[in-house]
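>>> got a predicted model here, sequence first, then my questions.
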Amino acid sequence: MSISVKPRRVRRWSRFTAVGLLALTAAALYAVWPRPADLTAFDPDSMARLETALWRDYYEQRHTALFRDLYAVWRDEYDFSPLDSVRLAFAATSAARTFQPTQSRAEAEAALPSLVTYFRILAGGSRVKFDAEDAARTELAWWQARREAVPPEQYGPIIARVATLIYGVDGNDIRRSGLVRAQAMAYRDRRAADITEADWAHINEQLRTAYGLLKRALSARSP
């Protein structure tokens with residue numbers, strides 16, 4: 001009996017190993033299989049909710065949650081592959097963590113390489129070609145302007161410029177969208193340590209308006 005049991009165990013283990021390898025292979029293919037990502041596919045309400053969560057993650061320095069919510073943005077709203085969603089989340093989190101402790105424009109440049117990587121990956125979901133470094137420097141410009149207490153009327157157009165670069169669209173709705181996002185940021189900054197759940201709800205509504213305007217601008221351009 002002892003002689004016949006061992007081969008059966010070996011065969012059973014071999015089957016389990018084969019099934020496990022197949023499952024791992026399928027998971028790897030699912031993660032890396034190219035997908036038609038689309039930067040215009042987002043839902044404004046979902047994006048407002050996710051961006052509100054991202055802001056909370058950032059200011060409360062919850063970097064794991066920040067990574068998780070960034071992944072959800074790119075996977076759920078823009079249809080990037082799991083692998084590219086991870087890469088985007090990693091690059092964005094890295095840029096934010098690098099920028100957060102800086103105290104000057106020169107120091108803030110340290111976040112630029114991660115932002116360039118981020119926009120290069122992002123370009124895979126855009127319908128237009130854009131310069132990733134130009135987009136990264138423009139993004140960093142409004143990050144820094146906001147930190148320097150520049151009024152939202154001044155850095156809102158810079159936010160709109162980023163959208164124009166990656167979507168190839170300009171116009172009143174794009175500019176208003178950038179301004180409303182900037183106003184939401186300025187509101188959060190005014191509330192600062194005294195911010196409440198009601199304040200976050202107000203910010204969410206502002207972001208819903210901003211993303212609604214952006215979606216309308218993109219829909220108007222679509223054939």
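Yes, it's here. Residues are numbered from 1 along each chain as shown.

>>> the closest residue to residue 155 other than its chain neighbours: neighbouring residues, count only.
Excluding the flanking residues, the one nearest residue 155 by CB to CB, 6 or more residues apart in numbering is residue 145, at 4.0 Å. Just so you know, the C-beta spots here come from the backbone N, C-alpha and C atoms, and that holds for glycine as well. Using other CB atoms under 10 Å, residue 145 has 19 other residues around it.

>>> spit out the contact partners of residue 145.
Residues counted as contacts of residue 145 (CB atoms under 8 Å, 6 or more residues apart in numbering) are 154, 155, 158.

>>> tell me the secondary structure at it.
At residue 145 the chain is in helix, as set by DSSP: H, G, I helix; E, B strand; the rest coil.

>>> can you dump the C-alpha coordinates of stretch 61-75 into CSV?
Written as CSV, here are the backbone C-alpha positions of stretch 61-75 (Å, rounded to 0.1, in the frame of the first residue of the first chain):
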residue,chain,number,x,y,z
GLN,A,61,-0.9,61.6,4.5
ARG,A,62,-2.6,58.3,3.9
HIS,A,63,-0.3,57.2,1.1
THR,A,64,-1.6,53.6,0.9
ALA,A,65,-5.2,54.9,0.5
LEU,A,66,-3.9,57.5,-2.0
PHE,A,67,-2.4,54.7,-4.1
ARG,A,68,-5.6,52.6,-3.9
ASP,A,69,-7.9,55.5,-4.9
LEU,A,70,-5.6,56.6,-7.8
TYR,A,71,-5.7,53.0,-9.1
ALA,A,72,-9.5,53.1,-9.0
VAL,A,73,-9.5,56.3,-11.0
TRP,A,74,-7.4,54.9,-13.9
ARG,A,75,-8.8,51.4,-13.8
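
>>> now it, how far from the chain's geometric center?
8 Å (CA atoms, centre = their mean, to the nearest Å).

>>> contact partners of it?
Under CB under 8 Å, 6+ apart, the answer for stretch 61-75 is 37, 47, 50-51, 53-54, 56-58, 80, 82, 84-86, 88-90, 92-93, 96-97, 100.
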